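> Turn this into a model:
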Amino acid sequence: MPDPTLTRHPILRTDVWHTRIEDYAALNGALLDEIRSHQQQEPTPLDLSFPNCWRGVRKYAADAPLVERINAAAFSILSDYRAEEADAREALVADSFVTDVFYWTNINGKNALNELHNHAHAGDLAGVYYVQGTETGAIVFKSEQWSDNEHAAHIPFTAPFVFEPHDGDLILFPSYLKHEVRPNPSARERINLAFNVTVIRKGSGPAGLTRVRREDFA
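Here you go, the predicted model:
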């Protein structure tokens with residue numbers, strides 16, 4: 001236990017959140033059929049794709065259970081963060097806010113990797129859903145201090161966090177968190193849907209929606 005005379009004042013909290021989709025085999029089977037069709041119809045990967053990686057953007061008809069789970073998780077995560085903030089802020093409730101999920105597909109062959117990056121300014125949360133993840137290579141999260149070589153070995157929460165995915169795994173994290181994907185060591189393709197989640201307030205702006213800014217909760 002810390003010294004009881006010390007008062008803690010958190011500045012920044014960063015977490016990686018994980019769950020496994022129930023009945024993921026059925027969901028993944030339906031998604032995989034659409035993904036294979038997508039790849040056949042658009043064989044040229046999008047710009048910014050890494051070697052031996054195919055990347056495409058398309059909304060899949062089978063995505064409803066996944067998008068619903070992402071939305072529920074995002075509300076839970078953001079509400080949890082807001083509840084822990086020192087100053088009182090407006091509750092994040094479904095009748096006042098919605099979350100917008102934008103996703104794209106990645107197919108990584110043997111030895112394919114993704115270099116260190118983040119999704120800053122693209123959303124409030126980012127994440128990955130693994131259609132095929134088991135034994136296809138870890139995703140590694142690194143703090144800004146670690147990335148900039150400004151960390152000290154005896155200070156906690158600066159070491160990288162390594163996550164070995166399994167089929168059906170869903171992970172979410174703040175969009176600013178840097179991460180990379182290690183080379184796929186197997187002949188099994190790593191197939192995932194990467195996504196950004198943006199919180200939007202109902203009732204104002206174009207089509208009755210507008211992105212929420214931090215100052216809106218002041």
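
> So, low pLDDT: which residues of this structure?
In the predicted model, the chain carries pLDDT under 70 at residues 1-2, 10, 82-97, 146-157, 202-218.

> Could you state which residue of it sits nearest its centroid?
Ranked by distance to the mean C-alpha position of the chain (Cα atoms, centre = their mean), the top residue is Gly127 at 1.1 Å.

> can you confirm it is in a strand?
Yes - Gly127 sits within a strand when classified using DSSP: H, G, I helix; E, B strand; the rest coil.

> That one pairs with what?
Leu172, Phe195 (DSSP bridges).

> for it, what are its contacts?
Listed by Cβ atoms under 8 Å, 6 or more residues apart in numbering, the contact set of Gly127 reads 70, 170-173, 194-195, 197. No exception for glycine: its C-beta is placed from N, CA and C like everyone else's.

> my guess is Gly137 meets Arg182, correct?
Yes - contact criterion Cβ atoms under 8 Å: Gly137 and Arg182 qualify, at 4.5 Å.

> Compare neighbour counts for those two and give me the winner.
A direct count of neighbours by other Cβ atoms under 10 Å for Gly137 and Arg182 places Gly137 higher, at 21 against 16.

> Can you list phi and psi of the more buried one for me?
phi 110, psi 140 (degrees, to the nearest 10).

> how about it, what does it touch?
108, 113, 181-186, 190.

> In helices, which of those residues fall?
Applying DSSP state H to those, no entry is found in helices.

> Name only those of those residues that count as buried.
With burial judged by 16 or more other Cβ atoms under 10 Å, the buried subset of the contacts of Gly137 is 108, 113, 181-184, 190.

> Where does Pro4 sit: helix, strand or coil?
coil.

> Can you tell me which of the contacts of Gly137 is nearest Pro51?
Leu113 (8.5 Å; Cβ to Cβ).

> returning to what we had before: just name the closest of the contacts of Gly137 to Asp3, please.
For the contacts of Gly137, the nearest to Asp3 is Arg182 (39.8 Å; Cβ to Cβ).

> Contact partners for that closest one?
113, 137-140.

> Which of the residues you listed fall in strands?
139-140 (DSSP state E).

> Now do the strands in the protein.
According to DSSP E, the strands that the chain contains are 17-20, 53-56, 97-108, 114-117, 125-132, 139-142, 161-163, 169-174, 178-181, 190-202, 209-211.

> Next, the buried residues of the first one.
Of the residues in strand 17-20, those buried by neighbour count under the rule 16+ other Cβ under 10 Å are Trp17.

> likewise the longest one?
Residues of strand 190-202 classed as buried under the neighbour-count rule (16+ other Cβ under 10 Å) are 190-201.

> Okay, and the beta partners of Trp104?
The partner residues for Trp104, given DSSP bridges, come to Ala194.

> That one: neighbour count?
With other Cβ under 10 Å as criterion, Trp104 counts 14.

> just to revisit the earlier point, nearest to Ala120 among the buried ones among the contacts of Gly137?
Using Cβ to Cβ, the buried ones among the contacts of Gly137 come closest to Ala120 at Val181, 17.5 Å.

> So that closest one is in contact with Asn114, correct?
Yes - shown here, Val181 and Asn114 form a contact pair, counting by Cβ under 8 Å, at 3.9 Å.
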